[in-house]
Structure formats: C-alpha cells, structure tokens
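S.K.: With the input below, show me the fold.
(one chain, ligands or ions: 1)
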Amino acid sequence: MGMKRRMTTGIVFCLGMLLFCACGKEQSSKEDKVYLGVAYYDQSDTFLNSLIDCLKDELRDYEEEGNEASILIRGAGGSQRIQNDQVQELIDAGCNVLCVNLVDRANPSEIIDLARENNVPVIFFNREPVTEDMMQWDRLYYVGALSEQSGVMQGELAVELIESDVGVDRNRDGRIQYVVLEGEPGHQDSIIRTENAVDTLKSNGIEIEKLSNGIANWNRAQAQNQMLQMISQHQNKIELVLANNDDMALGAIDAYEKLNYTESALPVFLGIDGTDVGLEAVRDSKLAGTVYNDKEGQAAAILELSVALVTGEGMDAVALEKERYIYLPYFKVTKEMAEALLKDKNL
Ligand code: BGC
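M.R.: Numbering: from 1, shown residues only. Modelled structure (predicted):
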C-alpha cells in the first residue's frame, strides 16, 4: 500500500469514526430525563406557591410511572435582575426546560436570549408576556388562564348575590356602592379582571357606584391597609368589595375584623383564585364567592408540555392554541362548591 493510499484509508477511517460517534451522540442526546428549571417572581405569593406545589405533585406522579425527572426552583423576591441570574443558574445546572413566571412580564428579552443561546425551551406561566415577545423565538410557550373570563365570572357572582338578596344594598338607595382592590399594575389579571367584573354588573342592569380603588399588589397585608383607609374614608357606605384575588379579599375582611364590625354592617366580599384559605373563607361564609384559577390544570399542562418538549414525544396530544398557548378555564365557586373542593383536598 503506497503512502498516499494509506493516508486516504486513514482519513476515511477517521471520518467514519467521527460519523459513528456523532450518530451515537445524536442518539444519546435524545433526552428522556425531564429536568425542570422553575423561576417565579416572588416566594411570598400564595397562589404561585400552591401552583408550584401542584407542579411538584405532578412530577412525583410522573416519576412514579417509571420516568426520570427532577426539578430546581428559584424565587426572585420581586427582582427581574435576580430572576435573570437565576435563569442562567438553572441553565448551568443542566435544566432542559425552563418554566418562567416573569417578575416583569414586559421584560423577558434577557431570559429569551439566554434560553435561545442554550437551546432550552421556555414555558412562561401565569404572567403572560406580550405577543411580540412570544414571537421572539419558536420555542416559547405560555400556560395560564384568560383574565377576562375570571372578571366576567366575578361580576356574575356579584349579580347573582345582588339579585337574590336585597340586603346587599344596605342603604336601599337602589345602587351598589363598591370598592376595588387591585393586583399589581401592569399584570394582565389586574385591569382586565376589574373591567370585566364591573362591565358584567352594568350589562346585567345593576346600578353601581364606585367609591374607591386601591392597589394592593395581590398581597393580604397591603389589602388590609388599603381597606382600612377606604373604611375611614367611607365608613359603612361600602356594600361590595371586588378583589382581584382571594388574598386581597381576605385582607379586606381582616380590616373589618380589626375594627370589630358587626356582621350586619359588613359589605359583600368577592375574590378570585380559590386558594385553600380562600375556599375556607367561602365555606365559612366570610367570602361570598370566588372564581377558581385552575392551578392543578395549569401544573398538569406545564408538565405535559415539558415532557413533550424534552422527549419529543406526545406533542400532538398537547392542546395548544395559536401553536404556543394553553389557557385553562376558570369556574365559579360558592359555598357548596367550596365545601366539595375542600373535602376533595381533605381539608
Ligand atoms: C393570581 C394572583 C397572583 C398573581 C401572581 C394571579 O393570576 O390570581 O393570586 O398573585 O397571579 O402573578
């Protein structure tokens, strides 16, 4: 064999080996293990903590079915800068799918860039990025619920109560004096829930008069403070409290309890979420009703989508709207439903 021939054979052999190795790598890089990296905006948020508990439950069931999975969770304490660093940390730790609950839903670009550079798909949840940002890359998804629907349902609950109980209009002036406790400004669930609840009351022919509104950032203690101020301003004129979530509705109730109001002087309180504390308050007739934000359904959808993205299997079964969105429906909760839900959860 001449020198040239030997070299060619050598090169062909090496190329063959390279190809062989590359194919081998290709096969083993088809991942089976789902490694979820979860980043959420604030560890003190009641709804999100329970949603993440649901996600852990889902993951446990998935493992019990004989699959390999793990999860790494980081809370950002309300700072987008911290969250960006946490996402980098999750990627460095080897997470192969990112579940991101943005701090600032209008500011996801850094996270999207990081994910794209490392080719790790992102499932945003609960705090919805705007459409233009969702279009920045084709491996971006969103799991949540439709704010408008929750607002309409809260409005319908109010209509049902007002129509079935003349006592709601305590001063009998034919109008319902109401206040609103709002979540964070800029969150899709704040403005849209309020607008739709109020519009639903109006479109059902209920005469309403807004006395005040206060921003309490989804937070029970802040809502209590806001409510104390509103009570000092309007005394017992307030007949209805519309809160953008259960925690704020509970904060409003705390304010009245602090002031020792008697039951007959209390307004009607309505929340949204159906958190455990919220459901207990509905069962105990402190909260007139709430609207269930289906955290179990959202967690299941996040995991189903994660598994499909990582393993490349089951994507056809994922019910995506507009190719990248999953919205779980809300439902209304009054006393009986709250009792049933709590019983179901052994609470
Ligand atoms: C929930 C709130 C929660 C907020 C956080 C909303 O959908 O109703 O309870 O605080 O999301 O982003």
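S.K.: Strands of the stretch 51-200 of the chain, start to end?
M.R.: Applying DSSP state E, counting those that start in this stretch to the stretch 51-200 of the chain gives strands spanning 69-75, 97-100, 122-125, 140-144, 176-182.
S.K.: Any chance of those strands in JSON lines with distance to Thr131 as columns?
M.R.: The C-beta positions use only the backbone N, C-alpha and C, and glycine is treated the same way. Output for the strands of the stretch 51-200 of the chain, formatted as JSON lines (distance: least, CB to CB, whole Å):
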{"stretch": "strand 69-75", "distance to Thr131": "26"}
{"stretch": "strand 97-100", "distance to Thr131": "17"}
{"stretch": "strand 122-125", "distance to Thr131": "12"}
{"stretch": "strand 140-144", "distance to Thr131": "10"}
{"stretch": "strand 176-182", "distance to Thr131": "24"}
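S.K.: Contacts for stretch 264-273 next, please.
M.R.: With CB atoms under 8 Å, 6 or more residues apart in numbering as the test, stretch 264-273 has contacts from 46-47, 150, 154, 157-158, 161, 168, 170, 189, 193, 197, 236, 238-250, 252-253, 256, 278, 281, 286-293, 330.
S.K.: one more time with 7 Å
M.R.: Applying CB atoms under 7 Å, 6 or more residues apart in numbering, the contact partners of stretch 264-273 are 47, 150, 154, 157-158, 161, 168, 193, 236, 238-246, 249, 252-253, 256, 278, 287-291, 293.
S.K.: got a list of what the residue nearest to Met248 when sequence neighbours are not counted touches?
M.R.: Using CB to CB, 6 or more residues apart in numbering and skipping residues adjacent in sequence, the residue nearest Met248 is Ala223, 3.8 Å away. For Ala223, the residues meeting the contact criterion (CB under 7 Å, 6+ apart) are 181, 216, 243, 247-248, 251-252.
S.K.: and the chain, which of its residues are near the ligand?
M.R.: Taking CB under 6 Å from any ligand atom as the criterion, the chain approaches the ligand at residues 45, 47-48, 126-127, 187, 189, 218, 245, 272-273, 293.
S.K.: Let's see which of those end up in helices.
M.R.: Of the residues of the chain next to the ligand, the ones assigned to helices by DSSP state H are 47-48, 189.
S.K.: want to throw these into TSV with distance to Lys335?
M.R.: Formatted as TSV, these follow (distance: CB to CB, whole Å):
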residue	distance to Lys335
Phe47	21
Leu48	26
Asp189	24
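S.K.: Looking at these, which is nearest Ile176?
M.R.: Proximity of those to Ile176, judged by CB to CB, is greatest for Asp189, which lies at 22.9 Å.
S.K.: what about that closest one, how many neighbours?
M.R.: Residues within reach of Asp189, counting by other CB atoms under 10 Å, total 27.
S.K.: wait, what's in contact with the closest residue to it other than its chain neighbours?
M.R.: Excluding its sequence neighbours, the residue lying closest to Asp189 (CB to CB, 6+ apart) is Ser147, at 4.7 Å. Ser147 sits next to 188-189, 192-193 when contact means CB under 7 Å, 6+ apart.
S.K.: I'd like the distance between Gly124 and the ligand.
M.R.: Actually, residue 124 is Phe rather than Gly. Taking CB to the nearest ligand atom, to the nearest Å as the measure, Phe124 and the ligand are separated by 11 Å.
S.K.: quick check: angle from the helix or strand harbouring Glu209 to strand 176-182?
M.R.: Using DSSP states H and E, the secondary-structure element containing Glu209 is strand 208-215. Inter-element angle recorded for strand 208-215 and strand 176-182: 20 degrees (by axes from the mean of the first three to the mean of the last three CA atoms, to 10 degrees).
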